[in-house]
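Engineer: can't give you the sequence, but here's the structure:
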């Protein structure tokens, strides 16, 4: 069975859940604020996108490899962000994608979108100075940039990112700006990349659940 197609079947409260996984390569120039656009509008690259499987309820990021930095003279940082720079992140919203507030710089971030292009009005910025990075579960809105980091709490708990109603896509990238403050920019001199192992927890439609149960019954009868 292909790892990118179907990697698990679990029974939870009588409902079947499937976990579909992908590896996402995120260049340090991937501008999260250009998510959902046909061409870059900033000085970076379009961020990589994954289409959400039907019935996706939540997302996990089980592993992130790689390092990035915002300039050749700065130190490298991992997916949880760089805390050696003199600045934190206080980046403004941009053309329908919310800005980003975080005590570090250049952590791995993501944003859920619908099939529609981002609109001019962005949702409120999430403040990870207050939220922190050790949440067990996070429920961002469509168009709301959120911290992903390495996908785990410091205590070793796999973090859950709840898929908002109406979302059909998720984009991964970085939030950057001049001195990490104000309007998004500054991607051109970024270096490095991340590779994220992303999985989705999918709740099948009621008809699919019935078919799965019928199939299991047939298999049981055949074993007899």
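Structural biologist: Ah, there it is. A quick note: this is a predicted structure, and the numbers were derived from the prediction, not measured.
Engineer: Going by residue numbers, what spans are helices in this protein?
Structural biologist: For the chain, the helices defined by DSSP state H cover 128-131, 206-223.
Engineer: Against residue 21, how distant is the closest residue to residue 124 other than its chain neighbours?
Structural biologist: Nearest residue to residue 124, sequence neighbours excluded (CB to CB, 6 or more residues apart in numbering): residue 98, at 6.5 Å. In short, each C-beta sits where N, CA and C put it, glycine included. As judged by CB to CB, to the nearest Å, residue 98 and residue 21 stand 27 Å apart.
Engineer: Which residue of these two possesses the greater neighbour count?
Structural biologist: Applying other CB atoms under 10 Å to residue 98 and residue 21 shows that residue 98 carries more neighbours, namely 26 against 17.
Engineer: Tell me the confidence at the more buried one?
Structural biologist: As predicted, residue 98 sits at a pLDDT of 98.
Engineer: And it, how far from residue 202?
Structural biologist: From residue 98 across to residue 202, the span is 26 Å (CB to CB).
Engineer: check contacts around residue 51.
Structural biologist: 168-169 (CB atoms under 8 Å, 6 or more residues apart in numbering).
Engineer: That one pairs with what?
Structural biologist: On the basis of DSSP bridges, residue 51 is bridged to residue 169.
Engineer: ok, now residue 109?
Structural biologist: Using DSSP bridges, the bridge partners assigned to residue 109 are residue 147, residue 173.
Engineer: What residues sit buried inside stretch 53-62?
Structural biologist: Under the neighbour-count criterion of 16 or more other CB atoms under 10 Å, stretch 53-62 has 53, 56, 58-61 buried.
Engineer: CSV for these, including pLDDT?
Structural biologist: Formatted as CSV, these follow (pLDDT from 0 to 100):
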residue, pLDDT
53, 95
56, 96
58, 98
59, 98
60, 98
61, 98
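Engineer: and the residue nearest the centre of the chain, what is it in contact with?
Structural biologist: Geometric centre of the chain, nearest residue: residue 110, 3.7 Å, by CA atoms, centre = their mean. For residue 110, the contact set (CB under 8 Å, 6+ apart) comprises 32, 145-146, 148, 161, 170-173.
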